[in-house]
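Take a look and give me a structure for this.
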Amino acid sequence: MTTSTFGGEVSEYYQRFRRGYPSEVADVLATAFALSGDDLVLDLGCGTGQLTRALAPRVGAVLGMDPEPAMLAQARRATAEPNVGWLLGADSDVGALQAVLGPRRLAAVTVAQALHWMDHERLFAAVRPLLRPGGGVAVVTNGEPLWLQDTPWSAALRDVVSAYLGTLVHRTCGTDDASQERYAKALAAAGYAVSSTVVEYSAPLSVDELAGGVFSAMSPDQLPAPDARPAFTERIRAAVAPHGPLREHVRVRLLTGSR
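Numbers count the residues shown, from 1 in each chain. The predicted structure is shown next:
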């Protein structure tokens with residue numbers, strides 16, 4: 001994983017504008033791994049803790065782990081749950097948790113919208129010794145990127161962002177079918193029993209949410225200057241205006257591998 005892509009102001013946009021998770025997502029994970037109040041879960045690549053916080057009521061404790069200090073700082077400020085802790089580290093550091101955990105085992109390791117930054121095959125193998133019986137790994141993708149959805153407003157947004165960056169935006173961040181199939185095969189090859197679940201919901205979108213979502217996916221050096229951001233937002237507003245009112249249909253895909 002990288003320690004610079006989501007630093008600085010990007011982490012603020014990430015906390016404010018990245019989607020949270022409906023309670024049904026935590027329900028699916030609780031059922032898949034028989035989570036209880038005695039369990040410890042690791043949310044790897046936690047960002048600003050959207051999934052970490054959703055899991056907190058279902059378990060004894062959740063550890064959110066991320067390589068970007070700015071993201072963890074935002075996560076701490078946004079979290080009131082007393083059973084949540086934060087660790088600075090990347091997927092390559094997971095093996096070192098063995099010494100920290102001692103005889104205790106993790107009930108689950110979740111990776112939400114972050115596996116495309118990781119060496120997933122190595123990670124799946126490294127996690128197995130840390131899991132209790134019945135525990136496992138969950139790969140969670142929280143809908144497609146705002147600029148890659150099959151709607152007129154998304155196509156209009158894509159044109160604005162591509163024009164600004166000077167290149168066509170096309171990264172799926174692991175949400176595409178090919179990536180999902182690759183992750184499923186890797187989980188099976190690592191000895192996990194694999195299953196897949198989809199949680200769907202829809203929500204209204206504002207232009208500020210569209211702009212904030214785009215800014216949250218940029219690196220700090222790609223962000224428009226502060227005084228240029230209102231104009232960027234207005235370009236988005238003009239582009240999507242013919243397609244309002246804006247609404248997003250989100251498919252949360254949960255790929256689980258049980259031990």
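
Tell me where the stretch 151-259 of the chain has strands.
193-204, 247-258 (DSSP state E, counting those that start in this stretch).

For Ser154, find the nearest of these.
Nearest to Ser154 among those is strand 247-258 (8.6 Å), distances taken as CB to CB. Every residue, glycine included, has its C-beta placed from N, CA and C.

The closest residue to Ala56 other than its chain neighbours: neighbour count?
Take Ala56 and drop its neighbours on the chain: the residue closest to it by CB to CB, 6 or more residues apart in numbering is Glu81, 4.1 Å away. Neighbours of Glu81 under the rule other CB atoms under 10 Å: 14.

What ranges does this protein have for its helices?
Along the chain, the segments classed as helices by DSSP state H run 9-17, 23-32, 50-55, 69-78, 97-101, 120-127, 152-165, 177-189, 207-216, 229-240.

And those helices, which one averages the lowest pLDDT?
Confidence, taken as mean pLDDT, is least for helix 97-101 of these (a mean of 89).

mind listing what's buried in that one?
Leu97 (16 or more other CB atoms under 10 Å).

again with stretch 103-123
Of the residues in stretch 103-123, 105-118, 120, 123 count as buried by neighbour count, 16+ other CB under 10 Å.

Which pair in those has the greatest spatial separation?
The farthest-apart pair in the buried residues of stretch 103-123, when distances are taken by CB to CB, is Arg105 and His116, at 27.0 Å.

okay if I get the strands of the stretch 151-259 of the chain as a markdown table plus mean pLDDT and mean neighbour count?
Shown next, in a markdown table, are these (pLDDT from 0 to 100; neighbours: other CB atoms under 10 Å):
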| stretch | mean pLDDT | mean neighbour count |
| --- | --- | --- |
| strand 193-204 | 97 | 14 |
| strand 247-258 | 97 | 19 |
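
hang on, the earlier thing: any idea which of the buried residues of stretch 103-123 is closest to Ala56?
Closest to Ala56 out of the buried residues of stretch 103-123 is Thr110 (12.1 Å), distances taken as CB to CB.

so how far is Gly191 from the closest one?
Counting by CB to CB, to the nearest Å, the separation of Thr110 from Gly191 is 19 Å.

Over to Val139?
Applying CB to CB to Val139 and Gly191 gives a distance of 16 Å.

just Gly244 next, same as before
The spacing between Gly244 and Gly191, counted by CB to CB, is 49 Å.

show me the contacts for the closest residue to Ala186 other than its chain neighbours.
In space, and not counting its chain neighbours, Ala186 is closest to Glu121: 5.0 Å by CB to CB, 6+ apart. If you count contacts by CB atoms under 8 Å, 6 or more residues apart in numbering, Glu121 has them with 186, 189-190.
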